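Student: next one to model:
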Amino acid sequence: MVKNQCVIRIQSAYPHLSEKEKIIADYILNYPEETIHSSINQVSARLNVADATVFRFCRRLEFKGFQEMKIVLASDIAHNDRIEESKSRFRDDESMHLAEKVFQDNIRTLENTFQILNSGSFKKAIECLSRSEKIAFFGSGGSHMIAQDAHRKFVRCGVMTYAPSDGEFQMLSVSQLTGRDAAVFISYSAADKQLLQVVKAAKAKGCPTIGVTGFMKSALSEVVDISLHTVSVPTDFRPESSVARAAQMTLIDALFVNVMKTRQKKQLHPIRQVADWMVQG
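Tutor: Presented below is the predicted three-dimensional model:
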């Protein structure tokens, strides 16, 4: 059973849940033990919501029903208990203890993101990018640096890419896209109205669109053709969006390696150049 799958899904979907769904989510997150030992009728009675509302909440998280959600939640609890039992090696060294925590938070972010990575969507994104003549990377807020990094990776290997920075230039760049290209939109919050306008403009040009967002259900994930998600863990001093950048960059890396491999097989890209890039980093 995949660890923390239930908690991750709830946290990822939370900002876009209805008020009643948030009540259910809060109860599950605050009282996981009670939840796994309760029936759907007992939970709905406690929260004063209909059984159907709880069932729809489970389906919104892509579970078959309440029972499957409970099984995965029980696995989450067991996994978290094992984490609590593990001792830090640096309890008496504050600076190293904090450093250890930062590393562990980033590791958990990467692990959690991989756990919710939809293989079907991931493969579609690879196919889309592999056959594209041009790839445009658009980033919102702090995610713009991820778009720039993606552009540098692909362009160094001979793929025609660009990553326009400001909103006006992004709209101008979209006008140059066609159905033979691809546009990748990166935003943790997935709520940037200007970025959503750029997505709609790209779709109007017939250009396939890929979204990388921090939420399973969001305005961005609902409008793009292919949606990929990252997750992050709450931390002290660092906002979740900042922690999520490690997952965004790693997800782009995973796409990049697969796209280069596909182009290599189809002789769309010189093998030597890819190998040189791998060595240079």
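Student: mean confidence score for stretch 134-142?
Tutor: In this model, stretch 134-142 carries a mean pLDDT of 90.
Student: with stretch 46-57 instead?
Tutor: On average, stretch 46-57 scores 93.
Student: what's stretch 125-134 in contact with?
Tutor: Residues outside stretch 125-134 that contact it (CB atoms under 8 Å, 6 or more residues apart in numbering) are 135, 160-162, 176-178, 180-182, 184, 208, 210, 225-226, 228, 255, 258-259, 262-263, 266, 268. The C-beta positions use only the backbone N, C-alpha and C, and glycine is treated the same way.
Student: let's see that with 7 Å instead.
Tutor: Identification of contacts with stretch 125-134 by CB atoms under 7 Å, 6 or more residues apart in numbering yields 135, 160-161, 180-182, 208, 210, 226, 228, 255, 258-259, 262-263.
Student: do the same with stretch 151-170
Tutor: Outside of stretch 151-170, the residues within contact range by CB under 7 Å, 6+ apart are 133-139, 144, 147-148, 150, 173, 194, 198, 256, 260, 269, 273-274, 277.
Student: let's see 6 Å
Tutor: With contact meaning CB atoms under 6 Å, 6 or more residues apart in numbering, stretch 151-170 is reached by 134-138, 147-148, 173, 194, 198, 256, 260, 273-274, 277.
Student: and the contacts of stretch 125-134, which are buried?
Tutor: 135, 161, 181-182, 208, 210, 226, 228, 255, 258-259, 262-263 (16 or more other CB atoms under 10 Å).
Student: just give me the closest of those residues to residue 32.
Tutor: residue 228 (27.4 Å; CB to CB).
Student: for that closest one, phi and psi?
Tutor: phi -120, psi 150 (degrees, to the nearest 10).
Student: okay, and the beta partners of it?
Tutor: residue 212 (DSSP bridges).
Student: am I right that it is in contact with residue 214?
Tutor: No: using CB atoms under 6 Å as the test, residue 228 is too far from residue 214 to be in contact (10.6 Å).
Student: pLDDT below threshold where in this structure?
Tutor: 1-4, 79-91, 233-241, 267-281 (pLDDT under 70).
Student: ok, longest helix in it?
Tutor: For the chain, the longest helix by residue count, based on DSSP state H, is helix 240-265.
Student: show me what that helix is packed against.
Tutor: On a contact count with 3 or more CB pairs under 6 Å, 6 or more residues apart in numbering; DSSP states H and E, helix 240-265 meets helix 94-116, helix 119-130, helix 144-156.
Student: distance of residue 185 relative to residue 11?
Tutor: 21 Å (CB to CB, to the nearest Å).
Student: roughly how far apart are the residue lying farthest from the centre of the chain and residue 105?
Tutor: In the chain, the residue that sits farthest from the middle, by CA atoms, centre = their mean, is residue 92; the gap is 35.3 Å. Distance check for residue 92 against residue 105: by CB to CB, it reads 21 Å.
Student: repeat that for residue 169.
Tutor: Taken as CB to CB, the span from residue 169 to residue 105 is 34 Å.
Student: between those two, which one's more packed in?
Tutor: residue 105 (17 against 11; other CB atoms under 10 Å).
Student: separation between that one and residue 10?
Tutor: Taken as CB to CB, the span from residue 105 to residue 10 is 19 Å.
Student: and for residue 54?
Tutor: 13 Å.
Student: one more: residue 207?
Tutor: 33 Å.
Student: equivalent analysis for residue 170, please.
Tutor: Residue 170 is 33 Å from residue 10, by CB to CB.
Student: same question, residue 165
Tutor: Residue 165 is 34 Å from residue 10, by CB to CB.
Student: which of those two has more neighbours?
Tutor: The residue with more neighbours, out of residue 165 and residue 10, is residue 10; 24 against 13, by other CB under 10 Å.
Student: wait, the more buried one sits on residue 26?
Tutor: No: Residue 10 lies out of contact with residue 26 (CB under 6 Å); the separation is 9.3 Å.
Student: before we move on, the earlier item: ok, the contacts of stretch 151-170 vs residue 232, which is closest?
Tutor: residue 147 (18.1 Å).
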